[in-house]
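[1] have a look at this fold, sequence not included:
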RNA sequence: GCCGCCGUAGUAUAGCCCGGUCUAGUAUGCGGGCCUGUCGAGCCCGUGACCCGGGUUCAAAUCCCGGCGGCGGCGCCA
């Protein structure tokens, strides 16, 4: 068997040399050279600097003494590349790097089992989502990332020059997804979101990824909530089953998730906070701190994941369906341990009402004519959501900063690498 | 945009408050030596740093001002 990777650790103890090689799995390959058994191999391994790119021919050894990796009996080693200078960061965690350094050298640090484990789990999240949605009749689509208008107005959009016109990077596939539901009853897209918001927090990125779903012919909001809760439960349980090595490496205990998730009405959430002594302003949305407090309270009651439904109209987008009272909407958030990981709702599919809602929000319908036209020819009742990949990963793995969940980070100050 | 904290070898840090004792300490990495399986092995020798600019002072890593960079909080949101 031929295996390849990079020298991660190397230790010479007298006449024995032990080399760990970072390959495709989280746990390294372990190569052992003994001077009195195979002097040639011993010398080759002894002289390999950290970071060397090598391949070796070998089979798993009958003696497995290493606590970190899988040992191989090595027949031959081929060295493809040696570093021209010492590595800029520790890959083994003897001297942990600061987050800033970790982000700068992520492409190199991915040789480290911990760092690699995070992104192998991320891969599983995407794989599980795609599998679940396809199995449930959703079609994967791709919508434009260069757009003429955003879902919410222009404040948070990145401008780009599109020949002689001004265009924007898409902050959400929302409007396109809805248009597609006029022909394809179930669609989803795994997509980047671009947000030009100048925040600097542990849970915001300016380029992030979402699992975006839209579903037509629904009987009500419950259909959308069902899809989302089952999707999230499938993803988490999939990771639990398929990433045992990664979770162990990261020291993460991932409890099995069952559905349904608790549904809290917006007012209920505020009441719970107040009855637990948390001051909540009379407002149309929950502050981040309030959300965190609610997360703690809900966790004590055994709810890691819960919906908050029925957000007031003043704090929501124009496209959410309003209840008869004109104040509550069918917009919801999904919170995971006090952090919003998804939001969505039932949309307004009735043309006249949609037009009226846009005007109420101060938007000019003529800027959205391409979108509005889709509501003229038999738009079914529909709803959907966007699920943040980095946020889901962050909460699943207990990461303290969302930047840990993105390989190459785009935030307020980072544009390279 | 506002507020707070921080910037010392490749990496991670001590020293800064109370200026001189700093020829800037330690770990890791790197170079060399010892050790017959290490588990962040261990031991010995060597190597390399005060973000930039200005100011105060006999004397600045240390105090002051400006710049640049990082971390976090708020708003907003996935």
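    Looks like it arrived, so ask away. As the structure is a computational prediction, the values presented were derived from the model and not from experiment.
[2] make it CA atoms for all contacts and neighbour counts henceforth
    Will do.
[3] burial count for residue A:275?
    By other Cα atoms under 10 Å, 9 other residues sit near residue A:275.
[4] now it: how far from residue A:297?
    11 Å (Cα to Cα, to the nearest Å).
[5] over to residue A:226?
    23 Å.
[6] quick one: which of these two has more around it?
    Ranked by neighbour count (other Cα under 10 Å), residue A:226 and residue A:297 place residue A:297 first, with 18 against 14.
[7] name the element that one belongs to?
    Element membership of residue A:297, judged by DSSP states H and E, is helix A:288-300.
[8] Provide a list of residues in contact with residue A:9.
    Residues in contact with residue A:9, defined by Cα atoms under 8 Å, 6 or more residues apart in numbering, are A:19-21, A:50, A:92.
[9] secondary structure, neighbour count and distance to RNA strand B for the residues you listed - can I get that in JSON lines?
    Output for those, formatted as JSON lines (DSSP: H, G, I helix; E, B strand; the rest coil; neighbours: other Cα atoms under 10 Å; distance: Cα to the nearest atom of the strand, whole Å):
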{"residue": "A:19", "secondary structure": "strand", "neighbour count": "23", "distance to RNA strand B": "8"}
{"residue": "A:20", "secondary structure": "strand", "neighbour count": "24", "distance to RNA strand B": "8"}
{"residue": "A:21", "secondary structure": "strand", "neighbour count": "28", "distance to RNA strand B": "12"}
{"residue": "A:50", "secondary structure": "coil", "neighbour count": "20", "distance to RNA strand B": "5"}
{"residue": "A:92", "secondary structure": "coil", "neighbour count": "14", "distance to RNA strand B": "7"}
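[10] pick out the lowest-pLDDT one from the residues you listed.
    Of all the contacts of residue A:9, residue A:92 carries the smallest pLDDT score, 83.
[11] which residues touch the residue lying closest to that residue once chain neighbours are set aside?
    Spatial nearest neighbour of residue A:92, chain neighbours left out: residue A:112 (6.2 Å); criterion: Cα to Cα, 6 or more residues apart in numbering. Applying Cα under 8 Å, 6+ apart, we find residue A:112 in contact with A:8, A:22, A:91-92.
[12] and the closest residue to residue A:72 other than its chain neighbours, how far from RNA strand B?
    Spatial nearest neighbour of residue A:72, excluding adjacent residues (Cα to Cα, 6+ apart): residue A:60 at 4.2 Å. Per Cα to the nearest atom of the strand, to the nearest Å, residue A:60 is found 11 Å from RNA strand B.
[13] check residue A:382 too.
    17 Å.
[14] then residue A:132?
    Residue A:132 is 19 Å from RNA strand B, where distance means Cα to the nearest atom of the strand.
[15] tally up the residues packed near that residue, please.
    If you count neighbours by other Cα under 10 Å, residue A:132 ends up with 18.
[16] look at it and give its secondary structure.
    helix (DSSP: H, G, I helix; E, B strand; the rest coil).
[17] pretty sure it sits against residue A:231.
    Yes. Applying Cα atoms under 8 Å as the test, residue A:132 and residue A:231 come out as touching, 6.6 Å apart.
[18] stretch A:32-50: how far from the chain's middle?
    From the chain centre to the centre of stretch A:32-50 is a distance of 42 Å (Cα atoms, centre = their mean, to the nearest Å).
[19] go on, stretch A:403-417?
    Taking mean C-alpha positions (Cα atoms, centre = their mean), stretch A:403-417 and its chain are 13 Å apart.
[20] what about it, average pLDDT?
    Across stretch A:403-417, pLDDT averages out at 86.
[21] one more: stretch A:77-89?
    The average of the pLDDT scores along stretch A:77-89 is 89.
[22] tell me how far it lies from the chain's centre.
    32 Å.
[23] list the contacts of it.
    In contact with stretch A:77-89 (Cα under 8 Å, 6+ apart) are residues A:41, A:44, A:48-57, A:97, A:105, A:109.
[24] neighbours of residue A:147, how many?
    Other residues lying near residue A:147 total 18 when counted by other Cα under 10 Å.
[25] in the sheet, which residues pair with the nearest residue to it once chain neighbours are set aside? Tell me.
    Counting by Cα to Cα, 6+ apart, residue A:147 lies nearest to residue A:168, which is 5.2 Å off, once chain neighbours are set aside. Under DSSP bridges, the beta-bridge partners of residue A:168 are residue A:147, residue A:159.
[26] can you check the pLDDT for residue A:168?
    pLDDT for residue A:168: 86.
[27] so residue A:90 sits in a helix?
    No. Assigned with three-state DSSP, residue A:90 falls outside any helix and is coil.
[28] wait, it sits on residue A:96?
    Yes. Using Cα under 8 Å, residue A:90 makes contact with residue A:96 at a distance of 7.0 Å.
[29] quick one, what contacts residue A:399?
    Contacts of residue A:399 (Cα under 8 Å, 6+ apart): A:393, A:405.
[30] are we agreed that it is in a helix?
    No. Under the criterion used here (three-state DSSP), residue A:399 is coil, not part of a helix.
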